[in-house]
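Colleague: Got a sequence here, can you model it:
(one chain, ligands or ions: 1)
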Amino acid sequence: MRILILGGTGEARALAERLAADPRHAVMLSLAGRTRDPAPQPVPVRVGGFGGVDGLAAHLVASGTDRLIDATHPFAEQISRHAAEAARRAGVPLAVLSRPPWTAVPGDRWIEVPDLSAAAAALGPDPCRVLVTVGRLGLAAFAVAPQHHYVVRSIDDPGDLAALGLPDGRLILHRPPFDVDAEAALMASAHIDVLVTKNSGGPSTYGKIAAARRLGLPVVMVRPPQRPAVPTFHAIDALIAWLEDGHVASAAERGV
Ligand code: NAP
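Modeller: Here you go, the predicted model:
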């Protein structure tokens, strides 16, 4: 079976690794090309956009793709929309592999917001010290609130923070996983008042959430966007069962 995985996540990589071990499949992983130094991948990789829905639909047909897996990040809204429409047009079955979002537990002080603009507004007018972990492309949303001190942690270098509208910023370049003790130590040493994060789910970046809880800090939590209604799996085994037997009920179909 020819399988195209839309990636850019640890889940996509883990799925590719599992499928690469099965000689019945020819797997291609697609990356947007945003990460400057991407981790090595276990299957052939193509890099760059397809050129919208038309381009992706044409690619699915030309490459003879049998199954499309959207294993992109929960906040990669556009590519997921494009995948649903292109798969429909090309007649290629599509499933989503995604991590479930985190849920608040006792002790968490979450302020849930719909997007990054609302996250910037939620910080309030008085200057405070903010740990921001929303990805380099999301930083511009905080230019409306330049009064705060921002400790920006990012995988890729966003460039000059002042040029992005954050005159009082400090940059930490680091790649997950992040452990709770290290996160708590960072928040304490930087005298952080509040954490801003997307609700991306998954264990590798959960340390900051547990650390904020431990320190009693509020978390401005950006809710994930709504994804198209397609079969959705949180576990690789369930997704592989779907690949092998297209009518296995997905988590979404079962209302999970
Ligand atoms: P996006 O806004 O949903 O997509 C923008 C455009 O980038 C898409 O229309 C598509 O271009 C191209 N694209 C996105 N993912 C692609 C893929 N896997 N393969 C080929 N082209 C892709 O996406 P984004 O939020 O910028 O994220 C880009 C990538 O980074 C995604 O693959 C995602 O998994 C990963 N990522 C995103 C976040 C996040 O917070 N958004 C965090 C970690 C990783 P065309 O229209 O030209 O096809």
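Colleague: show me what contacts Y150?
Modeller: Neighbouring residues of Y150 by Cβ atoms under 8 Å, 6 or more residues apart in numbering: 130, 132, 142, 161, 166, 168-170. In this view, the C-beta of every residue, glycine as well, is placed from N, C-alpha and C.
Colleague: likewise A84?
Modeller: Counted by Cβ under 8 Å, 6+ apart, A84 has contacts 70, 94, 228, 230.
Colleague: So which of these is the closest to I5?
Modeller: The shortest approach to I5 among these belongs to D70, at 8.3 Å (Cβ to Cβ).
Colleague: Now for that closest one, how many residues are close by?
Modeller: Using other Cβ atoms under 10 Å, D70 has 26 other residues around it.
Colleague: contacting residues around it?
Modeller: 6, 79-80, 83-84, 94-98, 230.
Colleague: show me which of those neighbour the ligand.
Modeller: For the ligand, the contacts drawn from these by Cβ under 6 Å from any ligand atom are 6, 79.
Colleague: who wins for neighbours among the contacts of D70?
Modeller: Highest count within these by other Cβ under 10 Å belongs to A83, 29 neighbours.
Colleague: and it, that one's in a helix?
Modeller: Yes. Under DSSP: H, G, I helix; E, B strand; the rest coil, A83 falls within a helix.
Colleague: how near is it to A190?
Modeller: Using Cβ to Cβ, to the nearest Å, one gets 38 Å for the distance from A83 to A190.
Colleague: Tell me where the stretch 151-256 of the chain has helices.
Modeller: In the stretch 151-256 of the chain, the helices defined using DSSP state H, counting those that start in this stretch lie at 180-189, 207-215, 236-244.
Colleague: The last one: how far from the chain's middle?
Modeller: Counting by Cα atoms, centre = their mean, to the nearest Å, helix 236-244 is centred 21 Å from the centre of its parent chain.
Colleague: Okay, buried residues for it please.
Modeller: Neighbour-count burial for helix 236-244 flags 236, 238-240, 242-243 (criterion: 16 or more other Cβ atoms under 10 Å).
Colleague: Now do the contacts for G138.
Modeller: By Cβ under 8 Å, 6+ apart, the contact set of G138 is 116, 198.
Colleague: pretty sure it is in a strand, no?
Modeller: No. Looking at G138 with three-state DSSP, it is helix, so not inside a strand.
Colleague: Find the nearest non-adjacent residue to the one residue sitting closest to the centre of the chain, please.
Modeller: Geometric centre of the chain, nearest residue: H73, 3.0 Å, by Cα atoms, centre = their mean. Nearest residue to H73 in three dimensions, chain neighbours excluded: T9, at 5.3 Å (Cβ to Cβ, 6 or more residues apart in numbering).
Colleague: Now do the same contact list for the one you found.
Modeller: Residues counted as contacts of T9 (Cβ under 8 Å, 6+ apart) are 71-73.
Colleague: so which of those residues also contact the ligand?
Modeller: Restricting the contacts of T9 to those within reach of the ligand (Cβ under 6 Å from any ligand atom) leaves 72-73.
Colleague: Mind putting the contacts of T9 into CSV with secondary structure?
Modeller: Output for the contacts of T9, formatted as CSV (three-state DSSP):
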residue, secondary structure
A71, coil
T72, coil
H73, coil
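Colleague: thinking again about what came up before, among the contacts of Y150, which pair sits farthest apart?
Modeller: Spatial extent of those (Cβ to Cβ) is set by the pair F142 and R170 at 13.5 Å.
Colleague: Which one's more surrounded, these two?
Modeller: Neighbours were counted for F142 and for R170 using other Cβ under 10 Å; F142 has more, 25 against 13.
Colleague: May I have the phi/psi pair for the residue of the chain found nearest the ligand?
Modeller: Closest residue of the chain to the ligand, Cβ to the nearest ligand atom: G49 (2.3 Å). Dihedral pair for G49: phi -60, psi 160, per degrees, to the nearest 10.
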